[in-house]
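[1] Provide a 3D model corresponding to the input given below.
(4 chains)
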Number of protein chains: 2
Amino acid sequence: MAGKRATINDVASLAGVSIATASKALNGRQDVRAATRERVLAAAAQLSFQPNALARGLLSGQTRTVGLLTSDSVGRFGIPVLLGAEDAFGAGEMAVLLCDARGDAIREQHHLRALLSRRVDGLIVVGESTDPRPSVSKDLPIPVVYAYAPSEDPGDVSFVPDDVGAARTAVGHLLALGRRRIAHITGPSHYKAARDREEGVRSALAEAGVAQAGQTLWGAWSQRWGRHAAEMLLMSEPSIDAVFCGSDQIAAGFVEAARERGRRVPDDIAVIGYDNWEVLSTETRPALTTVDMKLETLGRTAAQHLFAAMDGKATPGIHKMPCELIIRDSTRGTAYLWARLRAGSVTCGTCHVRNRCVFVRRLRAVTPHPASAHAAPFSARWRSRRGGYASGRCGGRCPGARRPCG
Amino acid sequence: MAGKRATINDVASLAGVSIATASKALNGRQDVRAATRERVLAAAAQLSFQPNALARGLLSGQTRTVGLLTSDSVGRFGIPVLLGAEDAFGAGEMAVLLCDARGDAIREQHHLRALLSRRVDGLIVVGESTDPRPSVSKDLPIPVVYAYAPSEDPGDVSFVPDDVGAARTAVGHLLALGRRRIAHITGPSHYKAARDREEGVRSALAEAGVAQAGQTLWGAWSQRWGRHAAEMLLMSEPSIDAVFCGSDQIAAGFVEAARERGRRVPDDIAVIGYDNWEVLSTETRPALTTVDMKLETLGRTAAQHLFAAMDGKATPGIHKMPCELIIRDSTRGTAYLWARLRAGSVTCGTCHVRNRCVFVRRLRAVTPHPASAHAAPFSARWRSRRGGYASGRCGGRCPGARRPCG
DNA sequence: CTCCTGGACTTAAAGGTTTTCGGAAACGTA
DNA sequence: TACGTTTCCGAAAACCTTTAAGTCCAGGAG
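    So this is what the prediction gives:
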């Protein structure tokens, strides 16, 4: 801890100029001789002067600070959004004031007042589910953007994942693999996310003229429900060859129970999860094909639009952000991959590089529909060195991969 | 969005008093007639006046804001600490300014300057591992507290989990269960956390005069390493009856591989994890006995000590925070529980209530050493209604339980 | 009557910075 | 010398709130 903090006054007197000149020199403005500026800068460095953001903000009316109001940051969904937003802001000179209301409206009002009194330049409200939430923007002197949970007021700016589209893509993937007996297990029906995904499933199946295998099973988001549902489903619909699950937890439970019942994944039943919660999706065997909601991107986009709104360029409405299907071993099969490859939109589920994975390149080189190209690029020796868990990995040779695969 | 924000000046003139009187009325101070105060308050409400925290802070020199500097909030460990801290601050009128340096020292310096220029009253630095990190507190005009990762400077205030003690407790639990062939699988040896836990294991075993089964296996924190290590260990030390794992991921991998090799958990081998990462520890079968580092408590404590430090009551040094062993099915066995019960420190792994779980009460009532009391309170019918996964749950009847069990 | 007391209110300063405007000096031109 | 222009710098206002100090007045005591 040092003593008193230096003010521009101290800098000015040390440099032998007035505070006005010091201010101009420090802020790189005109009307200061080079030699004088030099002197001021030297004095500032000597005193390790830090301009007082409070005084500056008081004068300019801008604090270069935004509020991040979350209703439940314990939830897994708020965090990535928060990080994406922090990322976008941090790139500039913005700071983030974090408030967690814990789902309590009173506490939310309290935090809102605190943020307002701190004169934040903008506000991001991030929710814990995709169900619409009450607007806070009424009569607020600053722009507000909603992330993950949209505002009930369509005049507000909201960003949500496109659950309907993602479910449609997922089911399309199963159909392209040739699966025709497709079941759907999901969470509680009072979640809009569950209902939206169900809508996507229905629409994709209807479009293909395929009937759903059994009824949609509504339950919880948990692994336990996945196991339970698997038992019920395998009893009532023994002929299913694919399942779309509303969460990775459900999918992990399903895979476990199915295996115990003697069904192989993906050979007998292809399984798709949701959320790309990596501890589950990449660590279970087989690794789960799953929907990644790109929540960090969503948060970043929300932050960028908040910037735009602070410049007066608001874009009202509920913006649906595209999700991405991450294809892994639980839907191994190449027909669909091949089609996506032509369209140029295959992403390696491990290294996250588009069209670069050795696996995909090999696939392109060999044949339009190789029967089991997925594990092909890897020699038995290489696989055994890796403990046998390497199938579908690209062996770390992807150029530009974020992390080595395998 | 409303127009211009009201200042205390507007309030004063609307109420027909001077700004000094308005300030006094608003802040509930003496020397204001009741009727006048009434008038001012009404005016403030009418204009929805929010005092400008900037101006207030400029004058008082206190912003009632603290900085939270994290080196990697993506890590699982930073988040709970952050939440605990936010919790402690939010209870007062403090706000939290969040900065994520992403492990980059340059960026950290940048954020530090930004926080300083915003005149935060204090700073919490939270790290992503328990390895000591460089101090930032040199010549800082504000108090700093380190959470999870301690500062290299022993003169700073740091809070870290007591990894040594937790490992000792965990191994003590295994010994009390009668296990004598105890192995240890953990993460990379360049992690202080791994080395500390190893020290705890060694000390507990030495104290009991029991030799460790095989060498400590150092690897990664991943599920894959758990599987791999299990294969190696079951080959080289087939007689093991317990394993202490450095993380829940390792433990989950171990359980999976052990089961495939025909070993039952916990009957043949008792398994303990670390972190109490609930998606793994409660959802795997059997649910994992594991060490909970109480990171939220750690964060809260750090925040409280920051308050104290802001009052000049700093408590330098590295404070080791106690961890808690959460006993679940993967070490099912009652001898040890019974001993802990006498000491009054058994916590139900599901509902987190001390000594209240039906299981524990039943245990107390029946016999000092029931052979299989764990599943006893549950009728076969109740279990089948629950899908058979209910063993060890208390059936939701715990008084004061945070959430229904089972 | 004066003096004192205390209550109710106002004035003014302070806090640190930015910005506008005016002043002074230097220089060139008539 | 007189005057205009350019360059550099300083004085002061502004931002909004809090607070110490001061004013004013009514009422009580002497």
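
[2] C-alpha only now, for contacts and for neighbours.
    Fine.

[3] contact partners for the residue in the stretch 51-200 of chain A that DNA strand C sits nearest to?
    Residue nearest to DNA strand C within the stretch 51-200 of chain A: residue A:51 (3.4 Å; C-alpha to the nearest atom of the strand). Neighbouring residues of residue A:51 by C-alpha atoms under 8 Å, 6 or more residues apart in numbering or on different chains: A:7, A:8, B:117.

[4] now do the helices in the stretch 101-250 of chain A.
    Here the stretch 101-250 of chain A has its helices, by DSSP state H, counting those that start in this stretch, at A:105-117, A:163-176, A:192-208, A:223-236, A:248-260.

[5] and the residue of the stretch 251-400 of chain A found nearest DNA strand D, its phi and psi?
    Nearest residue of the stretch 251-400 of chain A to DNA strand D: residue A:310, at 18.2 Å (C-alpha to the nearest atom of the strand). Residue A:310 adopts backbone torsions of phi -70, psi -20, taken as degrees, to the nearest 10.

[6] how many neighbours does residue A:262 have?
    For residue A:262, the count of nearby residues is 9 (other C-alpha atoms under 10 Å in any protein chain shown).

[7] got the contact list for the closest residue to residue A:294 other than its chain neighbours?
    The shortest distance from residue A:294 to any non-neighbouring residue, by C-alpha to C-alpha, 6 or more residues apart in numbering or on different chains, is to residue A:323 (6.0 Å). Residue A:323 makes contact with A:161, A:162, A:163, A:165, A:166, A:291, A:292, A:293, A:294 under the criterion C-alpha under 8 Å, 6+ apart.

[8] now, which of the residues you listed sits nearest chain B?
    residue A:294 (14.6 Å; C-alpha to the nearest C-alpha).

[9] on that earlier part again, and the residue of the stretch 51-200 of chain A closest to DNA strand C, how close does it get to residue B:113?
    Noted for residue A:51: a distance of 10 Å to residue B:113, by C-alpha to C-alpha, to the nearest Å.

[10] select, out of the helices of the stretch 101-250 of chain A, the one closest to residue B:153.
    Checking those against residue B:153 by C-alpha to C-alpha gives helix A:105-117 as the closest, at 35.0 Å.

[11] now that closest one: buried residues?
    Under the neighbour-count criterion of 16 or more other C-alpha atoms under 10 Å in any protein chain shown, helix A:105-117 has A:107, A:108, A:111, A:112, A:114, A:115, A:116 buried.

[12] quick check, the third one in contact with residue A:104.
    Read that as residue A:111. No: the criterion here is C-alpha atoms under 8 Å, and residue A:111 misses it with residue A:104 at 10.6 Å.

[13] just put the helices of the stretch 101-250 of chain A in TSV and tack on mean pLDDT and distance to DNA strand C.
    As requested, these are exported to TSV (pLDDT from 0 to 100; distance: least, C-alpha to the nearest atom of the strand, whole Å):
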stretch	mean pLDDT	distance to DNA strand C
helix A:105-117	91	14
helix A:163-176	94	45
helix A:192-208	96	47
helix A:223-236	94	55
helix A:248-260	93	50
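
[14] export these to TSV and tack on distance to residue B:303?
    Output for those, formatted as TSV (distance: least, C-alpha to C-alpha, whole Å):
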stretch	distance to residue B:303
helix A:105-117	19
helix A:163-176	39
helix A:192-208	36
helix A:223-236	35
helix A:248-260	34
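
[15] can you tell which of those is closest to residue A:270?
    Closest among those, once you apply C-alpha to C-alpha, is helix A:163-176, at 7.5 Å.

[16] show me the shaky parts of chain A.
    A:1-4, A:73-75, A:333-406 (pLDDT under 70).

[17] care to break it down by domain?
    Domains of chain A are assigned by automatic domain parsing as A:8-51, A:62-161+A:297-321, A:164-292, A:345-406.

[18] and the residue in the stretch 151-300 of chain A that DNA strand C sits nearest to, how many residues sit next to it?
    Proximity of the stretch 151-300 of chain A to DNA strand C (C-alpha to the nearest atom of the strand) peaks at residue A:300, 28.4 Å away. When counting by other C-alpha under 10 Å, one arrives at 23 neighbours for residue A:300.

[19] centroid-nearest residue for chain A?
    Compute the mean C-alpha point of chain A, and by C-alpha atoms, centre = their mean the closest residue is residue A:295, 1.5 Å away.

[20] test my guess that that residue contacts residue A:85.
    No: look at residue A:295 against residue A:85 with C-alpha under 8 Å: they stay out of range, at 9.9 Å.

[21] many thanks, we can stop here.
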